[in-house]
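Trainee: Could you look at this predicted model? Sequence included:
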Amino acid sequence: MSDEIETTFYTADHSRVHVSEWDEGGSWVSLAVRGGSTHVVLTREETQQLIAGLQAILAKEVTA
């Protein structure tokens, strides 16, 4: 049994996002949409930059 961390979720528009561990603390990010898919391998530092960017978006107050 592998103890690798993997997460998959589906978005409101039925796209798929998959992330998993990759080589020395980095990550594999895969996006699948109708008609295509892509992936990117991020180093540990790049993964931290992505997380910081997402946290900044979530920290911003939403006004409706």
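Mentor: Cool, got the structure.
Trainee: Residue 28: what's it in contact with?
Mentor: Residue 28 sits next to 18-22, 39-42 when contact means C-beta atoms under 8 Å, 6 or more residues apart in numbering. Every residue, glycine included, has its C-beta placed from N, CA and C.
Trainee: Buried only: go through those for me.
Mentor: If you count burial by 16 or more other C-beta atoms under 10 Å, the buried members of the contacts of residue 28 come out as 19, 22, 42.
Trainee: Out of those residues, list just those in strands.
Mentor: Counting by DSSP state E, the buried ones among the contacts of residue 28 place 19, 22, 42 in strands.
Trainee: got these as CSV, with pLDDT and distance to residue 35 columns?
Mentor: Below are those laid out as CSV (pLDDT from 0 to 100; distance: C-beta to C-beta, whole Å):
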residue, pLDDT, distance to residue 35
19, 98, 21
22, 94, 25
42, 98, 24
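Trainee: And these, which is closest to residue 29?
Mentor: Nearest to residue 29 out of those is residue 19 (C-beta to C-beta; 5.2 Å).
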